[in-house]
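[1] Give me the fold of what follows.
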Amino acid sequence: MPNFYAITTELVGASASLAGLILVFMGAIFSGFEGYPVQDRKHVLKGYRAKARSALGGFLLCLASLATGLGGRLYMNQCWSAISLALLLGAITWIALIAFNGVKEIA
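    The predicted model follows:
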């Protein structure tokens, strides 16, 4: 079995970095929505709500990866570190799918 504990610090850093990047994109989503006049917001709410929820899903995956990575580091537990890696890979995949769908939507 690979030694996942050896990369736990990197997993925690990568999870925190990706979570921060997702927060920046969520801010862009919120700013885009707020840019509409109040009377027009109800017409675009559905699309922006779906994008925000998708980004929130990726953000929560990153936080779960961060928490399990910290737990793995604190308790020197390889299983938690492996779970952290799996969650981080899931978050990366999730964000890649969101990005692909966003590009497909405007192309």
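[2] what's the average pLDDT for the helix or strand where Gly102 lies?
    According to DSSP states H and E, Gly102 maps onto helix 78-106. On average, the pLDDT along helix 78-106 is 94.
[3] so the helix or strand where Leu45 lies versus helix 78-106, what angle?
    Using DSSP H and E, Leu45 maps to helix 41-75. Relative orientation of helix 41-75 versus helix 78-106 (axes from the mean of the first three to the mean of the last three CA atoms, to 10 degrees): 160 degrees.
[4] Any buried residues in helix 41-75, and which?
    By neighbour count on 16 or more other CB atoms under 10 Å, the buried set for helix 41-75 is 48, 51, 54-55, 57-59, 61-73. Any C-beta I mention is one placed from the backbone N, CA and C, and that applies to glycine too.
[5] and what of stretch 86-100?
    Per 16+ other CB under 10 Å, stretch 86-100 contains these buried residues: 87-88, 90-92, 94-95, 98.
[6] TSV please, covering these and showing distance to Ala16.
    Converted to TSV, the buried residues of stretch 86-100 look like this (distance: CB to CB, whole Å):
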residue	distance to Ala16
Leu87	13
Leu88	10
Gly90	16
Ala91	12
Ile92	14
Trp94	16
Ile95	14
Ile98	19
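[7] No more questions from me, cheers.
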